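Student: Any chance you could fold what I've pasted below:
(2 chains, ligands or ions: 2)
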Amino acid sequence: MIKLGHGHDKLSREIKKLSGINFNACLHCKCCTNACPFLEGMDYHPNQVIRLVQLGLEKKVLESSTIWVCVGCNTCCSHCPMAIDIPAVMDSLRQMALEQGVKIAEPDILNFHKEVLKTVEKYGRTHKLEIMMRYKLKKMDLLSDMGVGLKMLKKRKLDLTPSKIKEKASLEKIFKK
Amino acid sequence: MKKSSKNSLQKFSFFPGCSLKASGHENTDSIYKFCKLINVELVELDDWNCCGSSSAHSVDREVAKNLPMRNISLAPKGMPLMVACPSCMIRLQQTYLHIKQSEKLRKEYEENWGTFDENLKIVHFFEIFEQINLEDSVENPKEKLNKIKVAPYYGCMLYTPPDMRFGKSYYGLMEKSLKSLGAQIIEYGYSTQCCGTYLSVAKPRIAQNVVNRVISKAMEAGAECIVTACSMCHLNLEIRCTIKDSIPVLHFSELLSMALGEKDHKKWFPRHIVDPIPLLKKRGLL
Ligand code: SF4
Ligand code: SF4
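Tutor: Ligands and ions are numbered 1, 2, ... in the order given. Have a look, this model is predicted:
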């Protein structure tokens, strides 16, 4: 049994405001969950994430692996009878998790996103080789998955030099803090 | 737009996106070649930037909004903007839609990026097939792909966020066009399963499982090759597959341009992990 505390709907109101999505229309029919290809990496199923928000179980949901493993492929919401934008809810939950400084369940995924954005901030475009190298360095793990990296280099799937935009000034506008 | 029997020249500005530009060179090149063959001119969007992809969406919503905005502002007036990468397309189209719907966002856009073009059309590469007749671009179309058994793979491209769900659906487009050029279409039930995108880097095991599932199901159903419409999917299907004697993965644009007589494939195929040449020779396509 879950006892709902006073003001348990605070989280749900906040996430609704942040995401603009009315996930309280959820029927818990699990069509989303049945369609999601990445359940094996998730601790809670997509519909359970919505339930956790509705119940106000903030720590559980913000520290869940699901919000990071979700890649935003839109498979779930394309199957949802209520057209609930689950990936947008996940976006807001990640944002809240970062703002509150809770324990991040999937630091590798966060690290990867940060490295991607670093190259975009520098060049205006992503630079795969640099992302991979920095990601691996930070993880202190240069050797695992080496075979795949080498295969990519051999097949010239990783450009050595980055492709850059000319008008650097707009990057400051885009990344203004 | 009405289809014309002889394809008259059409011009698009073209947004390649990082995946095509930086690792899928064979995809970009074959798209340009194919378009030329069907009388479509692509003009690369000058100084385009990354659309933000999943990473901006995941950790920085301001950046996720600003990156597509700049691209929209670069699009020349009076010409549709064509996007080849499905996920860039969603980012650009969705941002465009949100600006249209929200006065506040529109004001923000105009303060930073100039006048908003109300009439800009942002379309996927697939839109071309709505406007041309593939069969008219080549003689004896039915003989071109010589019954090669292809398993089309869309990844997540047919799925959209709910606020875009009344837009166009391209379900079946690859099947229809490849069939019209003489390929045999293999149904295998996994053509719309997401490829795992960046989990390929951060969670390689998960990506490997989904990729192996897609490819093994296609092989069991009798496919000789997989055909992709996204450079990112293509990369993941190639690098994360651990199936022994796996089948080649071809870009949709490669097969199309080959069917229309393009000979440049010698530059493309050495970049593939599973060499498609033996299969294409066996089918008499090379
Ligand atoms: S598919 Fe939609 S309505 Fe059904 S459980 Fe998932 S979010 Fe709720
Ligand atoms: S968007 Fe996220 S939750 Fe939905 S199907 Fe894709 S990975 Fe699963």
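Student: pLDDT value on residue 46, please?
Tutor: Using chain A here. pLDDT, A:Pro46: 98.
Student: Sorry, I should have been clearer: chain B.
Tutor: Note for B:Asp46: predicted pLDDT of 94.
Student: For it, give me phi and psi.
Tutor: The phi and psi torsions at B:Asp46 (degrees, to the nearest 10) take the values phi -70, psi 120.
Student: Find the nearest non-adjacent residue to it, please.
Tutor: Closest residue to B:Asp46 apart from its sequence neighbours, by C-beta to C-beta, 6 or more residues apart in numbering or on different chains: B:Leu74 at 6.3 Å. The C-beta positions use only the backbone N, C-alpha and C, and glycine is treated the same way.
Student: Find out how far the host helix or strand of A:His113 is from the centre of the chain, if you would.
Tutor: Secondary structure assignment for A:His113, by DSSP states H and E: helix A:107-123. Relative to the centre of its chain, helix A:107-123 is centred 12 Å away, using C-alpha atoms, centre = their mean, to the nearest Å.
Student: Show me which residues of the stretch 51-200 of chain B sit near ligand 1.
Tutor: Contacts of the stretch 51-200 of chain B with ligand 1, taken as C-beta under 6 Å from any ligand atom, are absent.
Student: Which parts of the stretch 51-200 of chain B are helices?
Tutor: Taking DSSP state H, counting those that start in this stretch as the criterion, the stretch 51-200 of chain B carries its helices at B:53-59, B:61-74, B:86-101, B:103-113, B:128-131, B:173-180, B:199-202.
Student: Rebuild these as TSV, extending it with mean neighbour count.
Tutor: Listed next are the helices of the stretch 51-200 of chain B as TSV, based on neighbours: other C-beta atoms under 10 Å in any protein chain shown:
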stretch	mean neighbour count
helix B:53-59	24
helix B:61-74	21
helix B:86-101	21
helix B:103-113	14
helix B:128-131	17
helix B:173-180	19
helix B:199-202	25
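Student: Tabulate those helices (JSON lines), appending mean pLDDT.
Tutor: Putting the helices of the stretch 51-200 of chain B into JSON lines (pLDDT from 0 to 100) gives the following:
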{"stretch": "helix B:53-59", "mean pLDDT": "86"}
{"stretch": "helix B:61-74", "mean pLDDT": "93"}
{"stretch": "helix B:86-101", "mean pLDDT": "94"}
{"stretch": "helix B:103-113", "mean pLDDT": "96"}
{"stretch": "helix B:128-131", "mean pLDDT": "87"}
{"stretch": "helix B:173-180", "mean pLDDT": "95"}
{"stretch": "helix B:199-202", "mean pLDDT": "89"}
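Student: Between those helices, which one is closest to A:Asn22.
Tutor: Closest of those to A:Asn22 is helix B:86-101, at 16.3 Å (criterion: C-beta to C-beta).
Student: what angle sits between the closest one and helix B:61-74?
Tutor: On the basis of axes from the mean of the first three to the mean of the last three C-alpha atoms, to 10 degrees, helix B:86-101 is oriented at 90 degrees to helix B:61-74.
Student: Convert the C-alpha atoms of helix B:86-101 to CSV, please.
Tutor: The C-alpha atoms that make up helix B:86-101 are tabulated as CSV, following Å, rounded to 0.1, in the frame of the first residue of the first chain:
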residue,chain,number,x,y,z
PRO,B,86,14.8,11.7,-39.8
SER,B,87,15.7,12.8,-36.3
CYS,B,88,17.1,16.2,-37.5
MET,B,89,13.8,16.5,-39.4
ILE,B,90,11.7,16.1,-36.3
ARG,B,91,13.8,18.6,-34.4
LEU,B,92,13.5,21.2,-37.2
GLN,B,93,9.8,20.6,-37.9
GLN,B,94,8.8,20.5,-34.3
THR,B,95,10.6,23.8,-33.5
TYR,B,96,9.1,25.4,-36.6
LEU,B,97,5.6,24.2,-35.5
HIS,B,98,6.1,25.5,-31.9
ILE,B,99,7.2,29.0,-33.2
LYS,B,100,4.1,29.1,-35.4
GLN,B,101,1.9,28.2,-32.5
